[in-house]
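A.B. asks: Compute the structure for the input listed below.
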Amino acid sequence: MFRMILTSLIILSIIFISACNGGGASGKEADYDATKKMVVDILQTEDGKKALREILADEKLKQQLVIESEVVKKSINEVLVSEKGKEMWKKLFEDPEFVKSYAKSMSEEQKKLMKNLMNDSEFQKQMLELMQNPQISEQMLSVMKGQEFRKHLEETVQQTLQTPLFQAKISELLLKAAEEKSKQESGQQSGGEGGGSGGGSGGSGGGGSGGGSGGSGGGSGGSS
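C.D. replies: Okay, the predicted model is just below:
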């Protein structure tokens, strides 16, 4: 049924295009409106909806639409840079969970990029040459000692402290430290209780043996 619909649409489109080429401007507009109405009517039927669902479910077709279609690319770009798109991104980045996931994904990519660069001999050579340049070294020291850099560093640290990813990491570390401290305290309490019971047993044993010795001594004195 799906193929029949597509075939019918193609045939009808060819017929209408041919008619448009032979007619005037008003005829072209009328034919276009008629074709548009016909396509809309077909898509609103159950068969049309089913065919559309099958098209959208095709993985290969979806990949082609995303990768190859310039119209789709242009539409997506326009949506992303539009006012509605900006508002959407703004709301997304206000969500701590989204920011955390986004930062994690970007962090992994940045790590991979830096690792690849650090393992690149050409990049290493360029960095060494750059760091060994006296002018660059002086400029770096001058910048690091400047008030603007310190202010920028302070702002960067404050922003880092306020990021959801950093806060989540700190919370995780604090919880872990609290758990370890609780385990240590529990272990110390168990050790203290064991030592106290051992000391009590030793004291009882010592008292009993002392009393026994005294009794034996008294018996010996009476016999003599």
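A.B. asks: Tell me where the protein has helices.
C.D. replies: Ranges of helices in the chain, per DSSP state H, are 2-22, 25-44, 46-57, 59-67, 70-81, 83-93, 96-118, 121-132, 134-145, 147-162, 164-223.
A.B. asks: rank those helices by mean pLDDT and give me the bottom one.
C.D. replies: Note on the helices of the chain: lowest mean pLDDT is at helix 2-22, with a mean of 52.
A.B. asks: Now tell me what touches stretch 106-114 from outside.
C.D. replies: With C-beta atoms under 8 Å, 6 or more residues apart in numbering as the test, stretch 106-114 has contacts from residue 165. Any C-beta I mention is one placed from the backbone N, CA and C, and that applies to glycine too.
A.B. asks: To clarify, my last question referred to stretch 158-176.
C.D. replies: Here stretch 158-176 has contacts from 96-97, 99-100, 103-104, 107, using C-beta under 8 Å, 6+ apart.
A.B. asks: again, 10 Å this time
C.D. replies: For stretch 158-176, contacts defined as C-beta atoms under 10 Å, 6 or more residues apart in numbering pick out 95-104, 107.
A.B. asks: which one of those residues sits closest to residue 133?
C.D. replies: residue 107 (30.6 Å; C-beta to C-beta).
A.B. asks: That closest one and residue 115, how far apart?
C.D. replies: 12 Å (C-beta to C-beta, to the nearest Å).
A.B. asks: again with residue 162
C.D. replies: On the measure of C-beta to C-beta, residue 162 and residue 115 end up 28 Å apart.
A.B. asks: and if you look at residue 161?
C.D. replies: 26 Å.
A.B. asks: Could you pull out the buried residues of stretch 38-55?
C.D. replies: Residues of stretch 38-55 classed as buried by neighbour count (16 or more other C-beta atoms under 10 Å): 42, 48, 51.
A.B. asks: got the end-to-end distance for it?
C.D. replies: The first and final residues of stretch 38-55 sit 19 Å from each other (C-alpha to C-alpha, to the nearest Å).
A.B. asks: Pipe the contacts of stretch 158-176 into TSV and attach neighbour count and distance to residue 183 per row.
C.D. replies: Converted to TSV, those look like this (neighbours: other C-beta atoms under 10 Å; distance: C-beta to C-beta, whole Å):
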residue	neighbour count	distance to residue 183
95	12	35
96	13	30
97	9	30
98	13	35
99	16	33
100	17	28
101	13	31
102	15	35
103	16	31
104	12	29
107	11	31
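A.B. asks: right, and residue 40 touches residue 48 too?
C.D. replies: Yes - Residue 40 lies in contact with residue 48 (C-beta atoms under 10 Å); the separation is 9.1 Å.
A.B. asks: which one of the contacts of stretch 158-176 sits closest to residue 186?
C.D. replies: Looking across the contacts of stretch 158-176 and measuring by C-beta to C-beta, the closest to residue 186 is residue 100, at 32.6 Å.
A.B. asks: which residues does that closest one contact?
C.D. replies: So residue 100 contacts 163-169 (C-beta under 10 Å, 6+ apart).
A.B. asks: residues near the nearest residue to residue 99 once chain neighbours are set aside, how many?
C.D. replies: Residue nearest to residue 99 in three dimensions, not counting chain neighbours: residue 164, with 5.0 Å by C-beta to C-beta, 6 or more residues apart in numbering. When counting by other C-beta atoms under 10 Å, one arrives at 16 neighbours for residue 164.
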